[in-house]
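K.L.:
Here's a sequence, model it:
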Amino acid sequence: MVGMRSVPRTVLLIAALALPIAAVLVSFAVTDGPRTPDVPARVEIGSSPGPDPTVAPAPPPPEHPPAQLPPPKPDDDDDEDDLDD
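P.N.:
Just a heads-up that it's a prediction; the model follows:
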């Protein structure tokens, strides 16, 4: 059986850095450039290009006021009281 030859670390480092950089450069070379944004010629405050916004009706007031819950008990985190002397 033939043993595998080890590759120097610098070669692996250069390959690890060169491959992603090459992929980015190829993708830039393939594309025609950035897309031009679709900007309207005139913008008016308060107007929207989509459907008219609808106003939702206000919910009816509750018939009964919400129940008042008692406050939670205080959390005793003092460990000194728990020690037996």
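
K.L.:
which SS class is Ile21?
P.N.:
When states are read from DSSP: H, G, I helix; E, B strand; the rest coil, the local structure at Ile21 comes out as helix.

K.L.:
and it, how far is that from Ser27?
P.N.:
According to Cβ to Cβ, to the nearest Å, Ile21 and Ser27 sit 11 Å apart. C-beta: built from backbone N, CA, C; applies to glycine.

K.L.:
Kindly report the same for Val7.
P.N.:
Counting by Cβ to Cβ, the gap between Val7 and Ser27 amounts to 27 Å.

K.L.:
do the same with Leu17
P.N.:
According to Cβ to Cβ, Leu17 stands 17 Å off from Ser27.

K.L.:
And Arg9, by the same measure?
P.N.:
Where Ser27 is concerned, Arg9 sits at a distance of 28 Å (Cβ to Cβ).

K.L.:
Then Pro62?
P.N.:
Relative to Ser27, Pro62 is positioned 58 Å away (criterion: Cβ to Cβ).

K.L.:
same question, Asp77
P.N.:
As defined by Cβ to Cβ, Asp77 lies at a distance of 57 Å from Ser27.

K.L.:
Of those two, which one has the most company?
P.N.:
Looking at Asp77 and Ser27 with other Cβ atoms under 10 Å, you find the greater number of neighbours at Ser27, namely 9 against 5.

K.L.:
what secondary structure does that one sit in?
P.N.:
Classification of Ser27 using three-state DSSP returns helix.

K.L.:
so where's the protein uncertain?
P.N.:
Counting by pLDDT under 70, the chain shows low-confidence ranges at 1-4, 47-57, 78-85.

K.L.:
now with 80?
P.N.:
Along the chain, segments meeting pLDDT under 80 span 1-5, 32-35, 40, 43, 46-67, 76-85.

K.L.:
Good, we can wrap up now.
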